[in-house]
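K.L.:
let me see the structure of the following:
(2 chains)
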There are 2 protein chains.
Amino acid sequence: MQLSIVTNQVFKKLPMPPTITAFESSPDRGRGLARDMRVRWALEEVGQPYEVRLVSFSAMKEPAHRALHPFGQIPTYEEGDLALFESGAIVLHIAERHAGLLPDDANARARAIAWMFAALNTVEPPILELATARLLEGDKPWSKERLPLVKDRVRDRLKQLSARLGDADWLDGTFSAGDLMMVGVLLRLKASGLLDEYPNLAAYVARGEARPAFKRAFAAQWAVFTGKPPIG
Amino acid sequence: MQLSIVTNQVFKKLPMPPTITAFESSPDRGRGLARDMRVRWALEEVGQPYEVRLVSFSAMKEPAHRALHPFGQIPTYEEGDLALFESGAIVLHIAERHAGLLPDDANARARAIAWMFAALNTVEPPILELATARLLEGDKPWSKERLPLVKDRVRDRLKQLSARLGDADWLDGTFSAGDLMMVGVLLRLKASGLLDEYPNLAAYVARGEARPAFKRAFAAQWAVFTGKPPIG
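P.N.:
As a prediction, the model looks like this:
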């Protein structure tokens, strides 16, 4: 019995780290735009180690991965008996269980979560539409004439976000999971040049990228793409 | 002093109900597709009374409303010192504070929240794109040729969701905020006919609409459009 108790104590001190999934070969070529980046970043912010299982595009369509992620995407998150999908849900799960990503005050906490949803349901949809216009409809006869309309819909959201942010460092007080998600979403615009039209948003994203936790997460996903270890 | 204490007790027993905002003149003509419907439904599921402040399209652009909602949309949620925006965040806030929308088990709770994010960040974006294609680009020369592509992207998601739902009543055990949000998102497809291509999803949405709380919420927002009280 004594041995069993000791063993349990050891397990409590050394729990199995969660396992996330990421692209075996990321379409963004390691630029940190895939959604595993948001989860890696959150785990780095709260100082939690994690394991990564790489998934190929063919494996993502297989029943084993679909059991974890009904829409055949990454990331997923496995921790003991719990399996989660959706980067927003995973980041919120991490933020609720570890200090560092949500304020203690209940109202401030609810507002930080509101910014997570705003990033994913208000700001990201037009950004996804721009990506779709380029990747899936770039060869269509309407592409050139349509792209400015799609870009203007992105600008509408950036203008509103820029007005709210003003000259603050973060969206609502100290850095939170809401900022993590918003920066993660805005990063997808870097190559478009649209972000540079709103200097305070470009500076906001740069502040996110300058965080040590962001850098560690970025290096880890970059290492998957280059095949070189992140440290060394 | 005694009077003051009694007064506080009375206030505690009769807290001010939260106030939400909704369209003064909803573009969906009362079909329950505006996002206040999701919040009304959640409040009805947990049995919480609420007040509604109607906002005109011009007022939504004004600083007073922008202070509540940076993106100038509805709904917002005001309760004492707390002001929230984003229907996902508001529904989660309600679900976390009242019984009826999230399971007690921590893992099941995290999974229900994952379905909320899946509804808003994976299923809704292509549905929003379809709405945009119709409303904002319906008069463009590419509209007719492009629409089938947009519809197929919606079908991709519906097929995956249909496969996961199978013959279950709800996405993960009993009805949760995840189902509320998914049904709320899928409702937007009713007029397109796309939902009918997946009979189990059409039945899933119908199960949502058959819930007494849904019916009460629907009647309340319909009453705003018709100008007639919901009951009587």
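K.L.:
do stretch A:27-41 and chain B come into contact?
P.N.:
No - judged by C-beta under 8 Å from any C-beta of the partner chain, stretch A:27-41 and chain B are separated, with a smallest distance of 9.3 Å. (Glycine included, C-beta is placed from N, CA and C.)
K.L.:
CA atoms of that stretch as PDB?
P.N.:
Output of stretch A:27-41 as PDB, limited to C-alpha atoms (Å, rounded to 0.1, in the frame of the first residue of the first chain):
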ATOM      1  CA  PRO A  27       0.900  24.800 -45.700                       C
ATOM      2  CA  ASP A  28       2.200  28.000 -44.200                       C
ATOM      3  CA  ARG A  29       5.800  26.800 -44.400                       C
ATOM      4  CA  GLY A  30       6.500  27.400 -40.700                       C
ATOM      5  CA  ARG A  31       5.300  31.000 -40.600                       C
ATOM      6  CA  GLY A  32       3.300  30.300 -37.500                       C
ATOM      7  CA  LEU A  33      -0.100  30.800 -39.200                       C
ATOM      8  CA  ALA A  34      -1.500  27.300 -38.500                       C
ATOM      9  CA  ARG A  35      -3.800  27.000 -35.500                       C
ATOM     10  CA  ASP A  36      -1.500  24.800 -33.500                       C
ATOM     11  CA  MET A  37       0.500  28.000 -33.000                       C
ATOM     12  CA  ARG A  38      -2.200  29.600 -30.800                       C
ATOM     13  CA  VAL A  39      -2.300  26.500 -28.600                       C
ATOM     14  CA  ARG A  40       1.500  26.300 -28.400                       C
ATOM     15  CA  TRP A  41       1.600  30.000 -27.500                       C
END
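K.L.:
where in chain A is pLDDT low?
P.N.:
Residue ranges of chain A with pLDDT under 70: A:1-14, A:229-232.
K.L.:
go through it and flag its longest helix.
P.N.:
If you go by DSSP state H, chain A has its longest helix at helix A:143-165.
K.L.:
give me the next element, helix or strand, following that one.
P.N.:
helix A:177-186 (DSSP states H and E).
K.L.:
so which strand or helix has the nearest residue to A:L128 once chain neighbours are set aside?
P.N.:
Once flanking residues are discounted, A:L128 sits nearest to B:P125: 5.2 Å by C-beta to C-beta, 6 or more residues apart in numbering or on different chains. Here B:P125, judged by DSSP H and E, is contained in helix B:124-135.
K.L.:
show me what that helix is packed against.
P.N.:
With contacts taken as 3 or more C-beta pairs under 8 Å, 6 or more residues apart in numbering or on different chains; DSSP states H and E, helix B:124-135 sits against helix A:124-135, helix B:143-165, helix B:177-186.
K.L.:
mind putting the ones you listed into a markdown table with mean neighbour count and distance to B:P27?
P.N.:
Below are these laid out as a markdown table (neighbours: other C-beta atoms under 10 Å in any protein chain shown; distance: least, C-beta to C-beta, whole Å):
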| stretch | mean neighbour count | distance to B:P27 |
| --- | --- | --- |
| helix A:124-135 | 19 | 17 |
| helix B:143-165 | 16 | 19 |
| helix B:177-186 | 26 | 16 |
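K.L.:
of those, which is nearest B:P70?
P.N.:
Closest approach to B:P70 among the helices and strands packed on helix B:124-135 (C-beta to C-beta): helix A:124-135, 15.0 Å.
K.L.:
between helix B:124-135 and the closest one, find me the angle.
P.N.:
70 degrees (axes from the mean of the first three to the mean of the last three C-alpha atoms, to 10 degrees).
K.L.:
direction-wise, compare helix A:124-135 with helix A:177-186 and give the angle.
P.N.:
Between helix A:124-135 and helix A:177-186, the angle comes out at 20 degrees (the same axes, to 10 degrees).
K.L.:
show residues contacting helix A:124-135.
P.N.:
A:143, A:146-147, A:150-151, A:153-154, A:156-157, A:185-186, A:188-189, A:192, B:121, B:124-125, B:128-129, B:132, B:153 (C-beta atoms under 8 Å, 6 or more residues apart in numbering or on different chains).
K.L.:
if you set the cut-off to 7 Å instead, what comes out?
P.N.:
If you take C-beta atoms under 7 Å, 6 or more residues apart in numbering or on different chains as the criterion, helix A:124-135 is touched by A:143, A:146-147, A:150-151, A:153-154, A:157, A:185, A:188-189, A:192, B:121, B:125, B:128-129.
K.L.:
which one of the residues you listed is nearest B:A210?
P.N.:
Nearest to B:A210 among those, counting by C-beta to C-beta, is B:L128 at 25.8 Å.
K.L.:
how much space between that closest one and B:L189?
P.N.:
11 Å (C-beta to C-beta, to the nearest Å).
K.L.:
kindly report the same for A:A223.
P.N.:
Note on A:A223: its distance to B:L189, by C-beta to C-beta, is 41 Å.
K.L.:
tell me which of those two has more neighbours.
P.N.:
Applying other C-beta atoms under 10 Å in any protein chain shown to A:A223 and B:L189 shows that B:L189 carries more neighbours, namely 24 against 16.
K.L.:
how is A:A202 assigned, secondary-structure-wise?
P.N.:
Secondary structure, DSSP: H, G, I helix; E, B strand; the rest coil: A:A202 is helix.
K.L.:
what's the local residue count around the nearest residue to it once chain neighbours are set aside?
P.N.:
Spatial nearest neighbour of A:A202, excluding adjacent residues (C-beta to C-beta, 6+ apart): A:L195 at 4.9 Å. The local packing of A:L195 (other C-beta under 10 Å) involves 22 other residues.
K.L.:
then A:A110?
P.N.:
22.
K.L.:
just A:P212 next, same as before
P.N.:
Residues lying near A:P212 (other C-beta under 10 Å) number 9.
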